[in-house]
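J.: Fold the following and give me the result.
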Amino acid sequence: MGPMIEISKVNVIPAYQMVSMELQRLILEGTIRPGEALPSETDLAGRFGVNRSTVREGIRQLESEGLVRRAGRKKLLITIPGQADISPRVERALLLHEVTFGELWEMALALEPLTAARAAERATETQIQALKDNVDLLEAAVTRGEPSDVIDTEFHTLLAECTGNRALLLSREPIGQLLFRPYVELSPHVPQAPARNLRAHKEILAALIARDSDQARHWMERHIRDLRTGWEMAGRTMADPIGAN
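T.: Residues are numbered from 1 along each chain as shown. Predicted coordinates:
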């Protein structure tokens, strides 16, 4: 008998994944453009040489990724994934990887001050008014002693929208959603946190109104550093996974 030959296992990609991957390629290359309809399941099954159930499963995968949406019972339209499609998937991945508070905080310290500075340069009057309304809501919640984590997170999202930078908006959203979530948990341990948070938002807003990007950056950096201080005052460490209780 000759020597044993080491042979790697063959990984066979399921047919529905191959259908999904090919349709993704056509979408990303622009062969099928956003707003256009996909061919029918029967047509696609014939072109791919598979049954309709395989095509249906491949399309379901595209729907979960925000690349396709249903318009009526049978019509399928190509769409561009938005924050609502992308952010939850990235958030889940970060949680499953047990990303730490420190890792997210480092990213926020890089992205949030940049966001504030660009927002000061580019925000429209309508966007500034939306931020004013948000700060008013935050002040009312702080005065009444009510949770304000949702209002806080919205402020940062509104700032990102002011930049007009889609890459920045999409990349910071899942980090922001996870990083500012502990706000409610920290408040009982750091009673001064709501008032400090409110002041930072007011100062950032004032910098935007004055079109002062340096001040906007300064106050946002101070705001993000405050978050770390609050985290540690609550007895947590930078090495704690963000999803840990």
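
J.: all contacts plus neighbour counts: C-alpha atoms, from now on.
T.: Fine.

J.: care to break this structure down by domain?
T.: 15-78, 84-234 (the TED database).

J.: okay, those in a markdown table with distance to residue 5 and mean neighbour count next?
T.: Converted to a markdown table, those look like this (distance: least, CA to CA, whole Å; neighbours: other CA atoms under 10 Å):
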| stretch | distance to residue 5 | mean neighbour count |
| --- | --- | --- |
| domain 15-78 | 30 | 16 |
| domain 84-234 | 37 | 18 |
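
J.: Now tabulate the ones you listed in a markdown table and tack on mean pLDDT and distance to residue 243.
T.: Putting those into a markdown table (pLDDT from 0 to 100; distance: least, CA to CA, whole Å) gives the following:
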| stretch | mean pLDDT | distance to residue 243 |
| --- | --- | --- |
| domain 15-78 | 91 | 24 |
| domain 84-234 | 92 | 6 |
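
J.: Using JSON lines, lay out the ones you listed together with distance to residue 242.
T.: Shown next, in JSON lines, are these (distance: least, CA to CA, whole Å):
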{"stretch": "domain 15-78", "distance to residue 242": "24"}
{"stretch": "domain 84-234", "distance to residue 242": "5"}
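
J.: and of these, who's closest to residue 6?
T.: domain 15-78 (27.5 Å; CA to CA).

J.: Now do the closest one: distance from first to last residue.
T.: 21 Å (CA to CA, to the nearest Å).

J.: Next up, the contacts around the closest residue to residue 222 other than its chain neighbours.
T.: Using CA to CA, 6 or more residues apart in numbering and skipping the chain neighbours, the partner closest in space to residue 222 is residue 200 (7.9 Å). Neighbour list for residue 200: 219-220, 222-223 [criterion: CA atoms under 8 Å, 6 or more residues apart in numbering].

J.: Could you report the distance from residue 200 to residue 145?
T.: Counting by CA to CA - residue 200 and residue 145 are separated by 18 Å.

J.: Residue 58 too?
T.: 49 Å.

J.: swap in residue 100?
T.: On the measure of CA to CA, residue 100 and residue 145 end up 29 Å apart.

J.: isn't residue 75 right up against residue 36?
T.: No - the pair residue 75 and residue 36 fails to qualify as a contact (CA atoms under 8 Å) at a distance of 10.0 Å.

J.: just the strands in this protein please.
T.: 68-71, 75-78 (DSSP state E).

J.: Including distance to residue 234, could the ones you listed go into a markdown table?
T.: Compiled in a markdown table, those are given as follows (distance: least, CA to CA, whole Å):
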| stretch | distance to residue 234 |
| --- | --- |
| strand 68-71 | 44 |
| strand 75-78 | 46 |
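
J.: So for residue 171, which of those strands sits nearest?
T.: strand 68-71 (21.5 Å).

J.: Show me what the closest one is packed against.
T.: helix 52-64, strand 75-78 (3 or more CA pairs under 8 Å, 6 or more residues apart in numbering; DSSP states H and E).

J.: can you give me the helices in the protein?
T.: 15-28, 41-48, 52-64, 83-96, 101-122, 125-144, 149-163, 166-179, 183-186, 193-209, 213-233 (DSSP state H).
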